[in-house]
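Engineer: Predicted model, plus sequence, below.
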Amino acid sequence: MTIQTATAGVRDFASDVSFNAQNTAITKEGEADMLNAAKLQNELNRTNMFAKLMEAGPKAAKDLIS
């Protein structure tokens, strides 16, 4: 093994580690975005449900349950 071969191997390894670190960070950021979107959607659904109940009263409650 020559110095150039060893250096190329170290460079490839460092590149792989860097890629994996970036990929992991992007995946975690995407996961956080998806969780936040789900929370916002749940909040919107609850708000819409409460608005319907306030607008129409008991009949709306029955419609939502059935």
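Structural biologist: Yes, it's here. Please read these numbers as outputs of a predicted model, since none were measured by experiment.
Engineer: For stretch 55-64, give the mean pLDDT please.
Structural biologist: Averaging pLDDT along stretch 55-64 gives 72.
Engineer: Next one: T47 relative to Q41, how far apart?
Structural biologist: The gap separating T47 from Q41 is 11 Å, by C-beta to C-beta, to the nearest Å. Just so you know, the C-beta spots here come from the backbone N, C-alpha and C atoms, and that holds for glycine as well.
Engineer: Oh, that last question was meant for A21, not what I typed.
Structural biologist: Applying C-beta to C-beta, one obtains 31 Å for the distance of A21 from Q41.
Engineer: do A56 as well
Structural biologist: 23 Å.
Engineer: What of K59?
Structural biologist: Distance, K59 to Q41, by C-beta to C-beta: 26 Å.
Engineer: A56 and Q41: who's more crowded?
Structural biologist: For A56 against Q41, the residue with the higher neighbour count under other C-beta atoms under 10 Å is A56, and the figures read 13 against 10.
Engineer: Nearest residue to the more buried one in space, please, no chain neighbours.
Structural biologist: Excluding its sequence neighbours, the residue lying closest to A56 (C-beta to C-beta, 6 or more residues apart in numbering) is D63, at 7.9 Å.
Engineer: Helix or strand: which one has that neighbour?
Structural biologist: Assigned by DSSP states H and E, D63 falls within helix 58-65.
Engineer: which other helices and strands contact that helix?
Structural biologist: helix 3-56 (3 or more C-beta pairs under 8 Å, 6 or more residues apart in numbering; DSSP states H and E).
Engineer: The helix it packs on: how far from the chain's middle?
Structural biologist: The gap between where helix 3-56 is centred and where its chain is centred comes out at 4 Å by C-alpha atoms, centre = their mean, to the nearest Å.
Engineer: what's the angle from that helix to helix 58-65?
Structural biologist: Angle between the axes of helix 3-56 and helix 58-65 is 150 degrees (criterion: axes from the mean of the first three to the mean of the last three C-alpha atoms, to 10 degrees).
Engineer: Which strands or helices does helix 3-56 pack on?
Structural biologist: Contacts of helix 3-56 with other secondary structure elements, assessed using 3+ C-beta pairs under 8 Å, 6+ apart, are made with helix 58-65.
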